[in-house]
Structure formats: C-alpha cells, structure tokens
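Peer 1: Just to be clear, the model below is a prediction. Sequence and coordinates:
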Amino acid sequence: MVNVQISPSTSSQFEPSIAVNWLNPSVMVVVAVDLRTGPAAIDLYRSIDAGAT
C-alpha cells in the first residue's frame with residue numbers, strides 16, 4: 001500500500017482503521033490518531049447512516 005498525502009498539512013494525523021459492517025454497510029467505525037499536541041490523541045468515530053452525518 002502506498003501512502004498519498006491529500007492535504008497540504010505536514011502535521012502527524014492519520015486514520016489507520018476503518019471498518020464497515022458487511023451485513024449492514026451503513027454501519028462504519030473509524031479510529032483516528034492525532035500526534036500534533038504531544039501525547040497521542042486517539043478518537044473513535046461511528047456512523048449508522050453510511051457516513052452522511
């Protein structure tokens with residue numbers, strides 16, 4: 001897999017994991033890591049409407 005930068009930011013942010021429920025693709029979970037402010041800030045995001053909101 002090749003990493004491609006899609007934003008002009010040079011900060012250390014990334015979303016290493018995205019999971020989609022195969023039985024219900026509207027349900028997704030994302031884990032994001034932000035290293036810009038010192039200790040790693042790890043956040044969990046979820047969507048039950050295919051990411052619309």
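Peer 2: That came in fine, so what should we check first?
Peer 1: Return the distance of the residue lying farthest from the centre of the chain relative to Ala41.
Peer 2: Centroid-distance maximum for the chain: Leu23 at 20.7 Å, with C-alpha atoms, centre = their mean. According to C-beta to C-beta, to the nearest Å, Leu23 stands 31 Å off from Ala41. C-beta here means a position set from N, CA and C on the backbone, and glycine is covered the same way.
Peer 1: now do Met28
Peer 2: 20 Å.
Peer 1: who's more crowded, those two?
Peer 2: Taking other C-beta atoms under 10 Å, Met28 and Ala41 do not tie; Met28 has more neighbours (17 against 12).
Peer 1: Which pLDDT value goes with the more buried one?
Peer 2: For Met28, the model assigns a pLDDT of 92.
Peer 1: you'd agree it is up against Trp22?
Peer 2: No. Using C-beta atoms under 8 Å as the test, Met28 is too far from Trp22 to be in contact (11.3 Å).
Peer 1: what pairs with Asp34 across the strands?
Peer 2: For Asp34, the beta-bridge partners are Gln13, Ala41 (DSSP bridges).
Peer 1: what about it, distance to Ala41?
Peer 2: Asp34 is 4 Å from Ala41, where distance means C-beta to C-beta.
Peer 1: residue ranges of the strands in this protein, please?
Peer 2: Counting by DSSP state E, the chain has strands at residues 13-20, 28-34, 41-47.
Peer 1: got those as a markdown table, with distance to Val2 columns?
Peer 2: Below are those laid out as a markdown table (distance: least, C-beta to C-beta, whole Å):
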| stretch | distance to Val2 |
| --- | --- |
| strand 13-20 | 14 |
| strand 28-34 | 19 |
| strand 41-47 | 24 |
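Peer 1: most neighbours per residue, which of the ones you listed?
Peer 2: Most buried of the strands of the chain, by mean neighbour count (mean count of other C-beta atoms under 10 Å): strand 28-34, with a mean of 15.
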